[in-house]
Every structure is written in C-alpha cells, then in structure tokens.
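> sharing a sequence plus its predicted fold:
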Amino acid sequence: ARPIVVDVDTGTDDALALLYAVGCTDLDLRAVTCVAGNAGLEQVVENTLRVLEAAGAGDVPVAAGATKPLIERMRPEGQFHGADGLAGVELAPTSRTVADQPATELLHAAITGASEPVTLVSLAPMTNVAMLLTLHPDVADHLERLVFMGGSASVGNVTALAEFNVWQDPEAATCVVESGLPVTMYGLDVFNRLVIEQEVADRWTRSDHPAVRAAGELLHRRGTRAAGFEQDYVGVLGDAGALLVLTHPELFTTEHLPVRVNLEGLGRGQTIVDRRPHAQDQQALDRDPWPVLEVALDADLAAAAQAFVD
Ligand code: BDR
Ligand code: CA
C-alpha cells in the first residue's frame, strides 16, 4: 500500500476522504495533520479524531497546526459545512488524543522516518504544508510527490476566480506551487463533477457499520445543504477525489501545465493555469518560466464514483 500523510480542515468532505484513506487497502495512512479552514482549528481537530474513530483507524497520529493563514486573517468557510464543520453530523466522542508535537514536526517525522517515499496529500488551505517545506526542506528527498485539492483551471467557488483552499492562504499555496517538488493539482475542474448518487448515501445511513453510516450521513447532509442553496453541489464527493487520483490514476485525465497563484487584487487566490497550445514551449522562452504541475482536468466520473463506493 502507498504510504500517505494527509493535511485536513475537516470538513464534511475531508471526513469522507479520511474514511476512504482508512478503508482503502491501497493506502497506508501514516499521519493526519489539522489546519484551520472549514472550521476553527480546535473544531477541526475534534472532528478529525472522531472521524478516525468512526473509520476504525489504527493508532494514526494526529497533530494540530496553524490557526490562521500565513498573512491573511482567518475567514472560516462556515456556509457549506456549518459552524461545526460537519454540517451537524454527530459522530461518537473518542478517547483518541492529539499529539504534543505541532503539525510540521509530525509531518517531518512521518515523512523522513519512512523506509519508502511518502505521498503528501493536502485537502485544505496549505499553511501547514508551506511551513513544513520552509522549516524542513529535507522532506523533499523523502516525498513521492505532493497532491493538493485546490485551485481550478476554470471557475472558482469562493470568488469568481478563486477556489477556497488556495484563496484562504494564497501565499502558502505559492510556496507549494513554486516548491520544485512533483505536484499534482486536483482542482474544481473535476472536483465539481464527481458526484455520489443520493440513493447510495441514503442506503448507507441505514448501515450497521460505523464508517459506512458516517459516510452516508455526511453525503446525505452535504446533499441536503447543497440543495438548499447551491443546487449544483448536490452529491459532490469533494476532497476524496484527490485520493482517488492516487488509487485510480487510470480514471483521470491529467496534463502537465504551467501554473502560478495569482496574489493580486480581484484575482487573488486564483490558480492561473496556462492552457495555451504548447504552453510549456512558450514558457521556456520566458525569463521567468512558471512551475509545471500535473493538473487533473477530466475523469471517468461514473467509474471514479464507483471506486469510492466500492
Ligand atoms: C475545498 O474547500 C472546502 O470547503 C472543502 O473541504 C474542499 O477542501 C473546496 O473548495
Ligand atoms: Ca477540505
């Protein structure tokens, strides 16, 4: 199984991603770190511990990281995920506790202590990840690659141009995009279209298995909330798609494209993806060529959804 460490801002869809990370035998979840985003840090930590409990995870260490972005003030995303981050889904309390060490130190230890290269997955504003890369540049030698849910080669969600995770901490996203590491971007281009049928969610809510029931309730609640104000998001699976890119790469269409984070004005927080024909050749002529990322642009959506369900 592929060793992974995951940074989350749990979040209904981070929760679904964690359930998948624990449940999928192709993934070996080595550590989870928390950052403020969909909710405040304390709530994110509590949600994460409870989700791991529901998932039946072994003793996966959890650490807390940044309470706010590098520069911006905190602007939590309460609208879609609710004040508790889980849209009111109540998960059983757990005796699991958060590690004493900060997120950057847990990530560093988990990544450099592994006997094989580790994949770092970010499903949240990239504050913790940017701090890790800055404080501990030696992780670069131990990473298989970095995959992040965030950005878009087309529309935004929190603004016309910007996706939430990048918009919340654009400087952190810049650190990641410009890191020189192999980076895969799973943005809104596929994220917005990968949906789970509501009847599957409803069936799961009646399951005896705590992980399946939790997944059903989370999907059901995401669906009903979206139906209330953002009809286009009904059934959208969300962050777990970034893990499906790892477990089922054959189902995704990706391209290597120049990407930069827009830090200015109305476009702040946008990922600008250079989709000109021969963009890399065009960029090579430039004195300041943009970093090239692997960008997920399309997927066999039905098969990807089925892979999550399976
Ligand atoms: C991202 O923002 C959060 O609402 C979700 O958890 C996801 O990571 C989508 O823009
Ligand atoms: Ca998230």
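On my side now, so go ahead. Because the structure is predicted, anything quoted here is derived from the model rather than measured. Ligands and ions are numbered 1, 2, ... in the order given.

> what strand or helix carries Ala87?
Per DSSP states H and E, Ala87 falls between elements, in no helix or strand.

> for it, report the pLDDT, please.
The model reports Ala87 with a pLDDT of 88.

> leaving out sequence neighbours, find the closest residue to it.
Leaving aside its chain neighbours, Ala87 sits nearest to Arg221 (4.3 Å; criterion: C-beta to C-beta, 6 or more residues apart in numbering). To be clear about C-beta, it is placed using only N, CA and C from the backbone, and glycine gets the same treatment.

> that neighbour in helix, strand or coil?
At Arg221 the chain is in helix, as set by DSSP: H, G, I helix; E, B strand; the rest coil.

> and the strands in this protein?
2-8, 27-34, 62-64, 118-122, 143-149, 183-186, 252-261, 271-273, 292-299 (DSSP state E).

> among these, which is nearest ligand 1?
strand 143-149 (4.9 Å; C-beta to the nearest ligand atom).

> so Val45 makes contact with Arg96?
No - Val45 is beyond contact range of Arg96, at 10.1 Å (criterion: C-beta atoms under 8 Å).

> which one of those two is surrounded by more residues?
Shown here are Val45 and Arg96; by other C-beta atoms under 10 Å, Val45 has more neighbours (24 against 16).

> quick check: closest non-adjacent residue to Leu91.
Closest residue to Leu91 apart from its sequence neighbours, by C-beta to C-beta, 6+ apart: Arg50 at 4.0 Å.

> near ligand 2, anything from stretch 45-63?
No - on the criterion C-beta under 5 Å from the ion, stretch 45-63 is out of touch with ligand 2, staying 11.0 Å away.

> buried set for that stretch?
Going by neighbour count (16 or more other C-beta atoms under 10 Å), the buried part of stretch 45-63 is 45-55, 57, 60-63.

> before we move on, what about stretch 274-290?
Asp274, Ala279, Gln283, Trp290.

> quick check, the last one in contact with Asn262.
Yep, that's Trp290 we're talking about. No - using C-beta under 8 Å, Trp290 is not in contact with Asn262; the gap is 11.7 Å.
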